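S.K.: Output the structure for:
(2 chains)
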Protein chains: 2
Amino acid sequence: MKSDLLMQVRKLTYLDKHLLCGDFGLEREGLRVDSNGVLSFEKHPEIFGDKISNPYITTDFSESQIELITPAFNSCEKTYNFLSNLYNIVVLDIKEDEYIWSQSMPCIIPSDKEIPIATYNEDSQAGYEARSYRELLMKKYGGKKQLISGIHYNFSFNEEMIKRLYENSNEEIEFKQFKDDIYLKMVRNYLRYRWLILYLLGGTGVIHESYTKECVRQLEEVADGAFSNEGAVSYRNSECGYKNKVDLYPDYSSAAGYVKSINEYIENGIIESHKELYSSVRLKAKDNNNLLESIEMDGINYLEYRSIDINPFDKCGVSLDDLKFLHVFNIFLLLREEQNYEKWQEEADENQNLIARYGHENIDLKLNGEAIKREAWSLDILEEIKLINNELSLGKENIIDLMIEKVKNYKLTYSYKIIEKVKNEGFVEAYMSLSKGYKKDAFNNRFRYIGYEDMELSTQILLKEAIKRGIKVEIIDESDNFISLEKNNKVEYVKQATKTSKDNYISVLMMENKVVTKKILEKAGIRIPSGMEFHDIETAMNNADKFINKPIVIKPKSTNFGLGISIFNEGSKKEDIEKALNIAFKYDRTVLVEEFIEGKEYRFLVIGDAVAGILHRVPANVVGDGSRTITELVAEKNMNPLRGRGYKTPLEKINLDDNVDLFLKQSNKTVSYIPKDGEVVYLRENSNISTGGDSVDFTDGIPEKFKKIAVDAAKAVGAKICGVDMIIKDYDDKNSSYGIIELNFNPAIHIHSYPYIGKEREIAKAILKLLELI
Amino acid sequence: MKSDLLMQVRKLTYLDKHLLCGDFGLEREGLRVDSNGVLSFEKHPEIFGDKISNPYITTDFSESQIELITPAFNSCEKTYNFLSNLYNIVVLDIKEDEYIWSQSMPCIIPSDKEIPIATYNEDSQAGYEARSYRELLMKKYGGKKQLISGIHYNFSFNEEMIKRLYENSNEEIEFKQFKDDIYLKMVRNYLRYRWLILYLLGGTGVIHESYTKECVRQLEEVADGAFSNEGAVSYRNSECGYKNKVDLYPDYSSAAGYVKSINEYIENGIIESHKELYSSVRLKAKDNNNLLESIEMDGINYLEYRSIDINPFDKCGVSLDDLKFLHVFNIFLLLREEQNYEKWQEEADENQNLIARYGHENIDLKLNGEAIKREAWSLDILEEIKLINNELSLGKENIIDLMIEKVKNYKLTYSYKIIEKVKNEGFVEAYMSLSKGYKKDAFNNRFRYIGYEDMELSTQILLKEAIKRGIKVEIIDESDNFISLEKNNKVEYVKQATKTSKDNYISVLMMENKVVTKKILEKAGIRIPSGMEFHDIETAMNNADKFINKPIVIKPKSTNFGLGISIFNEGSKKEDIEKALNIAFKYDRTVLVEEFIEGKEYRFLVIGDAVAGILHRVPANVVGDGSRTITELVAEKNMNPLRGRGYKTPLEKINLDDNVDLFLKQSNKTVSYIPKDGEVVYLRENSNISTGGDSVDFTDGIPEKFKKIAVDAAKAVGAKICGVDMIIKDYDDKNSSYGIIELNFNPAIHIHSYPYIGKEREIAKAILKLLELI
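M.R.: Have a look, this model is predicted:
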């Protein structure tokens, strides 16, 4: 047996490794519940848009049954990360006290007639059909079973790999048939071996008493309202689950045969359409709306495994390691030779049912009519999978070894662990503690687009906002923060979240050049600091008399990060001016010496014709409580999940470095000082976020007058997205002095989206609106 | 006298030097003539647009009398350069065999009724008035005198300087009156001392017999058709010139007095309007269309000196040194105390008339009724001017010394020199040789915007094209090649000639990133070289097997100047690929390895929806004549004015350096080799213009098919101005292989505007059209 397999494996060893990969897509359903584990009656949130057109977020049978759909990616990691992001996005936009139920079998559910069926805009043909189909299902199967949620795993091999195999095969058939044969073999093998996946990944060994009576009544109560039987692995995949009225055994010997058998079921009124065939695996086509025709025409395009339970212990409902295991498992299904046995489908169903109900025991299964122990057979299969892994250097031996452990010890399975948790904590608490933890985690990571943490935060935030609203996202160039956004066939490219098609090039170049900016703002009658421009240090120093002891700012003409800027707010000596000029000339051939305007600096973020956010930065600081030291207060402040290191978070942790010591020394303090209750102690001179400064939202506090000035300034250079840095002495005073010191063409959005103090502003939404995508 | 002046000068010495400057503007008229010096009957070229709205180029009295007008600049150099540019622009857009007559007194002119009066669009009020006024002048003064052309010199002091003087004065008057008094004193002094300017700058001591009979008949023929008298300096400023019917002596004691006296002349029918007062100097107001009202309301704004003759020896009609001298002269006029003498205006007129007719002699002039020798008085004045120069460190001593020499030796004056030239060469030839030389110089500098040669050629070319068409230009930031263009209150900002408001920012960023460009072009179905992208050298080398011995290009992801690119058109070994990767990784974190497409590379310049030019570059080469060596052929090729050094010209000179020697060695040649007649010898491998390569225009030769592909590529990224680099194997073959290797968002325009071989393309015009300015 092993040597047969080896021969098969050798067919693949010469292939480039990337060809062994494939495309992975996931669908994950989940019931919305309140904090007590009761099915929610809230509507599907409007922010997710039209259920039919949002490619990522929709509902399944019930209005309260959210379905998350990833695109197909060429690695498990990417698919898993996308699903994580979908979960994080969705869970924060349902009601604050709503959660996503963390197992496949339902939460506490009402009677059929109270279960809310998903609503659609029934004016549209698609909407009408979606609703009608659900009403039919309700009648035929009842609502409770329809609430069962699961993981659907979509897989296809790399087309190039199949082509290579075809080229190297001696079979005299068309490529289409060759490819169909591959997928049909995998389907048959999946059906044969799915009991093992059930054992390893199953997680529905306990149900709530509100579930269908005929199911509950077979079981024993193991906790308050929770029912189970000894050894249960997956009620979802048992007779208690979602099954057709009669056992159906379609023809999996050829694509044509498959299509014929399904059509017969439909003609005979057994099922309404191919969608109603509740098999553990489905053949998928290029055009799934016309599945059967498309399979006949174009062949099988990919497979959908439908028997994987939600893993309660993973936020996504499926763990990354399990996805990686499924990948080797797929290669095993591809290579594993089949033996002839007429009743193979019935036998496979029986094996599945046995595992579903009694999997933890080392029960007898059937292999071609012969009895075989669950454990022994499992180990045989896993040995073969390990051999494949090793021969092809897939690097998944640790994952396979863990599976072997699970086979040997059922207490390691998800199904056993979750039953134990339910027994210990109670049904609702066991699941809700997990769901609540996942929601909290999503909140703490609300600024983060998982898997792309090296991209700028602003881009991560924009990606999440787009996905939420059903805008298709694509990362065109990760290192360049270059993405595309598509909705209704309208494509917008965006770089660094704020560089878009809406801004014209010359506006950007105006802002990039401080001299040009000043000239244009001046022409538009907007107050800017007066100043002079120098091209060499000699000329600048010849004019030094004009600047000595006057409040000035010395800065390079083109800089966007505050580099090379010196501020003398109380004037300075000639020597210091010369030093500052020398520094500034390191960054640009042209240096500006400008009047220093007294006041606080505010960043106005202008998007379109409006100010989307106003932010003020405050130097790193702590507020005393009368008992803790500065060190202790900093440690606590650094716990805030918004604070991190290396610009991966909206705020940076405060470092108690030498600079802080020196700064504190000026007021005769050290980090051991215990500030009085309410006392604010600043730790640095500069207010940069990068050195632990705080960001404070002022969007609602600043009067309209200054907002209009900021918008006018952006308009003067023709900018649609623009960071306007304005100094205002006293914004409460209508006649307060002010001045615009800079326009930024690539303003960060994360600082407004997630400030330390104040309201989180919907900047990404404003950008999507500007782009006319929402 | 000197000590008085010293006291006055001291008033200024404490001022910042830049305050002593002022604003300078010039108007220069000039008759269009054919190559025989006969007045042209051609229409004013349409390309210069509407005569009334073009602020730079218009006509004066006659259709053939071009008037060039500079804006006011704060330095003589800038004004002079602008005038040079206007001359160069205009002289190349009149007919090929037309020139601009190079003296103030007319060329060979026809009888009055044949002189073409300037035509206007008489449907407009302004056009109708302009025409009517000219018809009135024709009737009143005859056409011949109206053809006299001149230099009008506009000057105002720095407003800040006048304010400082006001603040330091003890006079209890309004600032407006203080300022008026300054300018009125200058006017009076200009009238008193203008005879000296006439002597120094006058240049109309000879006239043609076709000029008015009453003038010609007083003189002697000094050459064929040329008439003069011994010692003549400026007939234009004599009774032969353009004068009012009677001598007019307006009141220059106050602004109100002046306005009153002009109004009286008008009321008495002596003149039609203030415009008809042909004084040597005019007071100018803020609103010159309502001059008298504006002077009363806002005061005197600047002065216009009108008695300066065209200097035949300077293309501009006035030399830069003379403009610099006039600046010190202005300060002299400001400071020079006046003496009371009732008949000062009559005396000043008399002095001018004497100098105009007999200035070369050391004649007696009158100073407050007393006789004074021309030379002695001149030297007195120039001594004072020199004192001012020295006290204020104006640095113009050499210029003043030259003026002193001219006073001592009339043979150094323009008036003497031009008469001598006429005597030697004949009237027509003397002037036409100058005019033809100026036109040739303009042609050789047709790509150059004088005074801004440090700006990119593309910007210089665009500036010239805009000025030609009456679009107001402003240089916003010279070092950044940032300009503004304004017409009919529509302002467009442009950087580097091709960065405009018409391109959106994201298009530019797409082009900047080769990975993104490729992805988008691929989506649009446009052929691009296949390739891979690497982020580190290890991964790249792991894939090296795919590239070894295959035709490839290795290049950094983002580069615009060909830096870091290696081409292996016949494949290469692993070691060389590694070297090339190392080089490319120096320029970018991401490196592309792309298929090398065989063929020649063409730069398609797409502007708007069309290809504005197609260029192919050829490596530095010479074409033999069977007698000269490579060295000699290169020397000749380098004489082409399009070739220069340091990118100041459209092409670079060929350097015969070691690389050329090495390259020639491959075919056993040296620079002493004498190529056969018609033999092309290439001198380098690379075709860069920067190493002496030739640019060859292919715009008309390349089939539409490829132009459409280039336009489609630009559209795919949404670019309005885009350089598309396409490789085409054989453009005559409809099925030729091709591929786009790069899109450039900042394409040079000068290479298409001034190719080495082929038609000069109107790229700047295409840009102005795109910007909707023409």
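S.K.: any idea how far residue A:145 lies from chain B?
M.R.: Taking CB to the nearest CB, to the nearest Å as the measure, residue A:145 and chain B are separated by 44 Å. Every residue, glycine included, has its C-beta placed from N, CA and C.
S.K.: The spatially closest residue to that residue that is not a sequence neighbour: neighbouring residues, count only.
M.R.: Using CB to CB, 6 or more residues apart in numbering or on different chains and skipping residues adjacent in sequence, the residue nearest residue A:145 is residue A:242, 5.0 Å away. Per other CB atoms under 10 Å in any protein chain shown, the neighbour tally for residue A:242 reads 18.
S.K.: so how many other residues sit close to the closest residue to chain B within the stretch 201-350 of chain A?
M.R.: Closest contact between the stretch 201-350 of chain A and chain B, by CB to the nearest CB, is at residue A:286 (19.3 Å). By other CB under 10 Å, the residues close to residue A:286 number 14.
S.K.: Show the contacting residues for it.
M.R.: A:294, A:298, A:301 (CB atoms under 8 Å, 6 or more residues apart in numbering or on different chains).
S.K.: State whether it is indeed within a helix.
M.R.: No - using DSSP: H, G, I helix; E, B strand; the rest coil, the secondary structure at residue A:286 is coil, not a helix.
S.K.: Give me the domain ranges for chain A.
M.R.: A:2-440, A:458-529+A:598-619+A:693-774, A:533-595, A:622-683 (automatic domain parsing).
S.K.: State the mean pLDDT of the second one.
M.R.: What it means is domain A:458-529+A:598-619+A:693-774. Averaging the model's pLDDT scores along domain A:458-529+A:598-619+A:693-774 yields 94.
S.K.: how close does the most centrally placed residue in chain A sit to chain B?
M.R.: Nearest to the mean C-alpha position of chain A, by CA atoms, centre = their mean, lies residue A:85 at 1.1 Å. From residue A:85 over to chain B the distance is 22 Å, taken as CB to the nearest CB.
S.K.: Next: residue A:116.
M.R.: Residue A:116 is 41 Å from chain B, by CB to the nearest CB.
S.K.: for residue A:516, same thing?
M.R.: 5 Å.
S.K.: Equivalent analysis for residue A:625, please.
M.R.: Counting by CB to the nearest CB, the gap from residue A:625 to chain B is 46 Å.
S.K.: Spell out which residues belonging to the stretch 401-550 of chain A are near chain B, please.
M.R.: A:476-477, A:479-480, A:482, A:492-495, A:499-510, A:513, A:515-516, A:519-520, A:535 (CB under 8 Å from any CB of the partner chain).
S.K.: Using PyMOL, define a selection of the buried residues within the residues you listed.
M.R.: The buried residues among these can be selected in PyMOL (16 or more other CB atoms under 10 Å in any protein chain shown) with this line:
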select buried, chain A and resi 476+477+480+482+492+493+494+495+499+500+501+502+503+504+505+506+507+508+509+510+513+515+516+519+520
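S.K.: My guess is residue A:447 contacts residue A:750. True?
M.R.: Yes - between residue A:447 and residue A:750 a contact is recorded at 6.1 Å, counting by CB atoms under 8 Å.
S.K.: Tell me which of the two has more neighbours.
M.R.: Shown here are residue A:447 and residue A:750; by other CB under 10 Å, residue A:750 has more neighbours (25 against 21).
S.K.: List the contacts of the more buried one.
M.R.: Contacts of residue A:750 (CB under 8 Å, 6+ apart): A:447, A:456-458, A:461, A:650.
S.K.: which one's the longest strand in chain A?
M.R.: strand A:22-34 (DSSP state E).
S.K.: packing partners for the very next helix or strand once past that strand?
M.R.: Of the helices and strands lying after strand A:22-34 in sequence (DSSP states H and E), the nearest is strand A:57-59. Packing partners of strand A:57-59 (3 or more CB pairs under 8 Å, 6 or more residues apart in numbering or on different chains; DSSP states H and E): strand A:65-69, helix A:76-93.
S.K.: relative to strand A:22-34, how tilted is the shortest one?
M.R.: Relative orientation of strand A:65-69 and strand A:22-34, computed by axes from the mean of the first three to the mean of the last three CA atoms, to 10 degrees: 160 degrees.
S.K.: Also the last one?
M.R.: The directions of helix A:76-93 and strand A:22-34 differ by 20 degrees, with the same axes, to 10 degrees as the criterion.
S.K.: Now helix A:76-93: average pLDDT?
M.R.: Mean per-residue pLDDT for helix A:76-93: 97.
S.K.: by contact count, what packs against it?
M.R.: Checking 3+ CB pairs under 8 Å, 6+ apart, helix A:76-93 ends up next to strand A:22-34, strand A:57-59, strand A:65-69, strand A:98-100, helix A:320-335, helix A:427-444, helix A:457-468.
S.K.: Put the alpha carbons of it into PDB.
M.R.: This file holds the C-alpha atoms of helix A:76-93, laid out as PDB (Å, rounded to 0.1, in the frame of the first residue of the first chain):
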ATOM      1  CA  CYS A  76      -4.000  29.100   3.700                       C
ATOM      2  CA  GLU A  77      -2.500  32.000   5.600                       C
ATOM      3  CA  LYS A  78      -4.000  34.600   3.400                       C
ATOM      4  CA  THR A  79      -7.400  33.000   3.400                       C
ATOM      5  CA  TYR A  80      -7.300  32.600   7.200                       C
ATOM      6  CA  ASN A  81      -6.200  36.200   7.700                       C
ATOM      7  CA  PHE A  82      -8.900  37.500   5.400                       C
ATOM      8  CA  LEU A  83     -11.500  35.500   7.400                       C
ATOM      9  CA  SER A  84     -10.000  36.900  10.700                       C
ATOM     10  CA  ASN A  85     -10.400  40.400   9.300                       C
ATOM     11  CA  LEU A  86     -14.000  39.700   8.200                       C
ATOM     12  CA  TYR A  87     -14.800  38.500  11.700                       C
ATOM     13  CA  ASN A  88     -13.100  41.500  13.300                       C
ATOM     14  CA  ILE A  89     -14.900  43.900  11.000                       C
ATOM     15  CA  VAL A  90     -18.300  42.400  11.400                       C
ATOM     16  CA  VAL A  91     -18.300  41.800  15.100                       C
ATOM     17  CA  LEU A  92     -17.700  45.500  15.800                       C
ATOM     18  CA  ASP A  93     -20.500  46.600  13.600                       C
END
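S.K.: buried residues in that helix?
M.R.: A:76, A:78-91.
S.K.: List the residues that contact the closest residue to chain B within the stretch 601-750 of chain A.
M.R.: Of all residues in the stretch 601-750 of chain A, the one sitting closest to chain B is residue A:718 (6.5 Å; CB to the nearest CB). Applying CB under 8 Å, 6+ apart to residue A:718 gives the contacts A:503-504, A:506-507, A:510, B:501.
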